[in-house]
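[1] make a model of this:
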Amino acid sequence: MSSRTNAGLVDAPAGVGASVPQPRFAIVVFLILGVIALALSAGINPGFVRVLPAALGALLAFAVTARRLAPLAVSPGFYFAAYLAGLGFLGFHLTNVFAGSGGTGGVDVVLDLGTLQMTASSFLFAAIIVLIAASFARGGRAAPVGPGPARPLDLGDLGRYSSMLLVFSLATLMLLIYFLGIGSLLERSGRLVGSESSIQTAVGMSAIAAVVASGIVVFSRRGILRIVAILSVLGFTAYFVSLGTRRLALMPILLLLSYALARRGAVRPLAVMIATIAALVLLTLPLYFRSLPSHGLIPHLNALGSFSIGADNLSASFNNILAGFKITAMTGFGRPHIGIDAFWVSINPITGDSVGWSQIAPSLRLNRFTPYSGLGELINLGSTVFVVSLGLIGLALGNIQRINDKLFTTLIGRLFAIGTLGLTFIFVIQSTQYNLRSNLRYLYFAIGLQLAALLILRLREAIAQKRRVPGHY
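    Predicted structure coming up:
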């Protein structure tokens, strides 16, 4: 099989063996179908004509960079651009359709046509910049160093580390409960629980990884360890229910990931589809909890008796997914100029306590419940900051993929690579609904994780080299 067969629009990591025949033909088909879809969109909604140049440019950028960013399934630059382009396209056509459905944190307003056009074009131009920069940083598709994994999620028998995984999960859960307080966990008057220190933020970010760790033990072990792991998963579920956080909707996907890791990467597409649908349906719960007069685990559980899934709930869920478009529009085009000082604080990687983040954070919000959008902040700061910042983000994502190419070729490297992809995935999905500073910390953590991985691999190589007997290899 030639190397050309692994360069299609859908690909797998080096060594996976999945390939797409005739990749150039697939790209041509993609372009033709894309042009037809955009033409139909402009015909159905004439206002989309103003967005058409940016949409066609994004379509061309995807086609041109697909081969260089392959395998796309593990390309953070690709799925960030795909998220931006998809939300820009859907946001233009559906934001006002679902206006009034709720689930948007007090920003459920109708946007005028001009704002819709400018916002959609900004999303699409952002996708173009990210694709170009990421493909440049990725460089040519070098041959993999080593045989590569049969499955990208195959990390070996993780059940061997069940005790360590459970210690990590239970420690994280106990810290989360300690920071929140038992009383606030059970019942409180307000939905929000106040500001967090840098340590609390770091522990909160690790909650998703802790759920996955517990899930691995559930699916790989029996007896007391499995019972404890199940209790840990239930504990995190209760914590998410108490907060009314949208992380509750991620539970089906996190448990599916746990299952895949426990089964050495085995996962069926149907299971992915079911988990995704379950997550979308489950999103209705935290949105429902937010509408209650009191909050916490007890009020939220008591309210389940009056909860039912219907068209209104599902509309609110979909409106919540589209909320990033509206938040970005209001941040970028409906608020006063942010100022360069706030921008420097937002991109500073050191702790918020050290740079005065708490002093400027209240000014970077649409209301008490909704912060500015990270992408919206870049739009608000002007075209130069917008282009340069997204270009640098694209370069970072492309470089992350380039380093992951090497990490995926070893067992310990795959562990770090998957963790890096998880962090960049969170960065992607939060980029339009949370502050720039809140988003960038996931990118910084991903870069730091890769640096740690490279250091560990280098140390392992050095130790192995010293242990070799001269002349015996």
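[2] rest of the way, CA atoms for contacts and neighbours
    Noted.
[3] on the pLDDT front, check G334 for me.
    pLDDT for G334: 90.
[4] that one: neighbour count?
    By other CA atoms under 10 Å, 14 other residues sit near G334.
[5] next: L375.
    Around L375 there are 30 residues (other CA under 10 Å).
[6] can you check L322 too?
    Neighbours of L322 using other CA under 10 Å come to 25.
[7] hmm, L87 and it touching each other?
    Yes: the pair L322 / L87 is scored as a contact, 7.0 Å apart, by CA atoms under 8 Å.
[8] got the contact list for the helix or strand bottoming out on mean pLDDT in the chain?
    One helix or strand of the chain scores below all others by mean pLDDT, DSSP states H and E: helix 198-205, with a mean of 76. With contact meaning CA atoms under 8 Å, 6 or more residues apart in numbering, helix 198-205 is reached by 172, 175-176, 179, 351-353.
[9] from those, which land in helices?
    Members of those lying in helices (criterion: DSSP state H): 172, 175-176, 179, 352-353.
[10] just the buried members of these?
    172, 176, 179, 352 (16 or more other CA atoms under 10 Å).
[11] from those residues, which is closest to R458?
    T172 (29.6 Å; CA to CA).
[12] give me the distance between the closest one and F62.
    40 Å (CA to CA, to the nearest Å).
[13] which residues touch stretch 326-334?
    91, 95, 107, 111, 115-116, 119, 366, 372-381, 432-433.
[14] where does L256 land in three-state SS?
    helix (DSSP: H, G, I helix; E, B strand; the rest coil).
[15] rewinding a little: wait, which of the buried ones among the ones in helices among the contacts of helix 198-205 is closest to R50?
    Looking across these and measuring by CA to CA, the closest to R50 is G352, at 40.1 Å.
[16] surely that closest one touches S358?
    Yes: using CA under 8 Å, G352 is in contact with S358, at 7.0 Å.
[17] could you pull out the helices in the stretch 201-350 of the chain for me?
    207-220, 224-243, 251-262, 269-282, 284-290, 297-302, 311-333, 340-347 (DSSP state H, counting those that start in this stretch).
[18] any chance of those in CSV, plus distance to L31?
    Output for these, formatted as CSV (distance: least, CA to CA, whole Å):
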stretch, distance to L31
helix 207-220, 37
helix 224-243, 42
helix 251-262, 31
helix 269-282, 25
helix 284-290, 36
helix 297-302, 48
helix 311-333, 25
helix 340-347, 36
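[19] so which of these gets nearest I400?
    helix 340-347 (18.3 Å).
[20] and the closest one, what does it pack onto?
    helix 357-360, helix 436-467 (3 or more CA pairs under 8 Å, 6 or more residues apart in numbering; DSSP states H and E).
[21] tell me which of these sits nearest to T276.
    Going by CA to CA, the one of the helices and strands packed on helix 340-347 nearest T276 is helix 436-467, 22.5 Å.
[22] where does the prediction get shaky in this protein?
    Scanning the chain for pLDDT under 70 picks out 1-23, 103, 105, 140-155, 192-198, 468-473.
[23] before we move on, back to that, between the contacts of helix 198-205, which is nearest L243?
    L176 (11.2 Å).
[24] for that closest one, give me its contacts.
    200, 203-204 are the contacts of L176 under CA under 8 Å, 6+ apart.
[25] how far off centre is the least confident helix or strand of the chain?
    17 Å (CA atoms, centre = their mean, to the nearest Å).
[26] sorry, back to before: filter the contacts of L176 down to the buried ones, ChimeraX style.
    The buried residues among the contacts of L176 can be selected in ChimeraX (16+ other CA under 10 Å) with this line:
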select :200,203,204
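[27] including distance to S242, could the contacts of L176 go into TSV?
    Shown next, in TSV, are those (distance: CA to CA, whole Å):
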residue	distance to S242
Q200	17
V203	17
G204	14
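[28] can you tell me which of the contacts of L176 lies closest to I412?
    Of the contacts of L176, the one sitting nearest to I412 (CA to CA) turns out to be V203, at 23.3 Å.
[29] any idea how far the closest one is from M174?
    Going from V203 to M174 by CA to CA gives 10 Å.
[30] how about F289?
    23 Å.
[31] cool, V35 as well?
    52 Å.
[32] please say which of the two ends up with more neighbours.
    Neighbour count, other CA under 10 Å: between V35 and M174, V35 has more, with 17 against 13.
[33] Provide the secondary structure category for that one.
    V35 is classified as helix under three-state DSSP.
[34] now it. Nearest residue, chain neighbours left out?
    L56 (7.3 Å; CA to CA, 6 or more residues apart in numbering).
[35] need phi/psi at that neighbour.
    Main-chain dihedrals, L56, degrees, to the nearest 10: phi -70, psi -40.
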